[in-house]
Structures are given as structure tokens and as C-alpha cells.
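Trainee: mind folding the following:
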Amino acid sequence: MSEKTELTPSPAAPPDESRAPASFVRRESRMFPDGTGPSPDPAGSHFERRIRSFQPRRSRVTPGQEDALRRLWPAWGLDIDGQRTLDLGEMFGGLPTVLEIGFGMGEATALMAAADPSTGILAVDVHTPGQGNLLGLADRAGLTNVRVANGDAIILLREMLTPDALDGVRVYFPDPWPKKRHHKRRLIQPEFLDLVATRMKPGAVLHCATDWEPYAEQMLDVLTAHPRFANTAADGGYAPRPAFRPLTRFEGQGLDKGHVVHDLMFERV
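Mentor: Next up is the predicted model:
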């Protein structure tokens, strides 16, 4: 990646993408037939279909995002195909590694990586524009401690990471699935905690944040009840927002609407 240090977001897509000129956008599912970018279905039919904890977003990719993906994906991106075991030590040159599940457009991820170059960030999402945007941000800032993974974080954890591989896990503003019939799709569930605990080193911290009050309450209940996690908050409640977690545009919009953001930080025991 380049040697520049300034972090500047990529140009935003027009508010109404349906009216954007054809030269401005690309259909993400048809972008990389030659395998030079993220696959639309990296795990294919190798694994059983399950209730997914994410909602694929089929939106459009700007020329800048497409350029970043084509140039940088071969070196800094990976598909979650479940067919190999990752060596995070080799991938990040021996740096301690944090897994970030769901990074949106990547602005907060790039800021955290720039502020702490001694930590590697393996950032997972299924949103192609966000993948391209994060790679572009990292490139312009000269970051070498970010890798972008495309696909299902559950398959990554279960099939591609070894026990005690992670020095931390971040889950910021996951889909709250507000309808009761969809609560089973929420990521922070006992089964997820069982799995992620096996991939975290003792003392590693699972850091969650949400602006959806009912989901925050469920997270707190589920994490408190799990035998392999201990709350870092002395009062057993929510944690203050740590300085290293940037205030994102998404979070700011929620605060403007009167939402209350809760951070939860639980140590793997």
C-alpha cells in the first residue's frame, strides 16, 4: 500500500443511485468474473445452509471502490471459503490480531488501524462497496495492518481459525433484527459465544456496541450468563465508550435521533 498517511473517505454514492449515470456504478455481483475480487458466494455449497446473522446488501460499487478492489484484493483481501486454515501470525507479521465483524463502509476500521498500527485487524463484511471503500482508505493512509474478509464470519471462526488465534473481537452495531420472529438471527447468541470463545485467547476482549436498547439488554444478559466471559465493567453493566472506538457517521445519526449507544466489553476467561 502507499506511504501516504492522510485518511480521507471515498466519494459517496449519489443519494438516488437509480438515477446515476451508467459510467458511475457497477453491479457488484458481476464485477469480478476472473477471480480478482470478492466472490458473491465464497463458501458455495460446501457447508450446510443455516440462519444467517447478516443480511446481504446488493448495492452498487463506485469506480473508485472497484479500482481499489481490483488493485488491492489479491494482496489484502480474502474470501471466506472454509477450505483452508489461516495463519494470522504470517498474515499480520506477528502482530496481535483483532477480528472485526461487520464494518460498514470501513471509516471507523481505518481510523482504529491508523491509531494502533501494532494491532492487526481482520475485518469481515459482505458489503462489496464497503470492502472497496475500506481498502481504498487503507491504501491512501499507507496502512499495512488491515485485511478484508468477504463472507460469513461463522464459517471463518469455525473452519478457518485455530483455537486461541484472536486477541480480541469487535462487533459494532450489528443488525438488531427488531422483529420478534427474527430475534433468532441476532449474532450475539449463546451458540455464537460458545464458538468465538474457543478462538479467543484468555484475556482477549469481546467488544460489542449497539444503539438498539432491546438488543443491548439481550447482549448483556447472554454475555453475563456465559461461563467463558466476564464483564469488565465493575458494576456488571455497560462499559463507557472507549477512546479507541471512533464515533461513526452511523452512530452520530442515531444520537441525533435520540438513540442511546451501549458498549459491552467482556473478557474471555
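
Trainee: use CA for all of it now, contacts and neighbours both
Mentor: OK.

Trainee: and residue 40, what element?
Mentor: Under the assignment given by DSSP states H and E, residue 40 is not contained in any helix or strand.

Trainee: where does the stretch 51-200 of the chain have low pLDDT?
Mentor: 51-59 (pLDDT under 70).

Trainee: and residue 64, how many neighbours?
Mentor: Residue 64 is flanked by 17 other residues according to other CA atoms under 10 Å.

Trainee: just the buried residues of the strand or helix carrying it, please?
Mentor: According to DSSP H and E, residue 64 maps onto helix 63-76. Along helix 63-76, the positions that meet the burial threshold by neighbour count (16 or more other CA atoms under 10 Å) are 64-73, 76.

Trainee: the residues you listed into TSV, with extra columns for distance to residue 204?
Mentor: As requested, the buried residues of helix 63-76 are exported to TSV (distance: CA to CA, whole Å):
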residue	distance to residue 204
64	36
65	33
66	35
67	36
68	32
69	31
70	34
71	33
72	30
73	28
76	24
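
Trainee: what backbone torsions are found at residue 241?
Mentor: Phi and psi for residue 241, reported as degrees, to the nearest 10, are phi -60, psi 120.

Trainee: tally of neighbours for it?
Mentor: Other residues within reach of residue 241, judged by other CA under 10 Å, total 15.

Trainee: pretty sure it contacts residue 263?
Mentor: Yes - taking contacts as CA atoms under 8 Å, residue 241 lies within contact range of residue 263: 5.9 Å.

Trainee: from residue 135, how far out is residue 192?
Mentor: 28 Å (CA to CA, to the nearest Å).

Trainee: give me the more crowded residue out of those two.
Mentor: residue 135 (29 against 14).

Trainee: so that one belongs to a helix, correct?
Mentor: Yes - counting by DSSP: H, G, I helix; E, B strand; the rest coil, one finds residue 135 located in a helix.

Trainee: does residue 148 lie in a helix or a strand, and which?
Mentor: Remark: residue 148 resides in strand 146-150, with elements defined by DSSP H and E.

Trainee: fine by me, we can end here.
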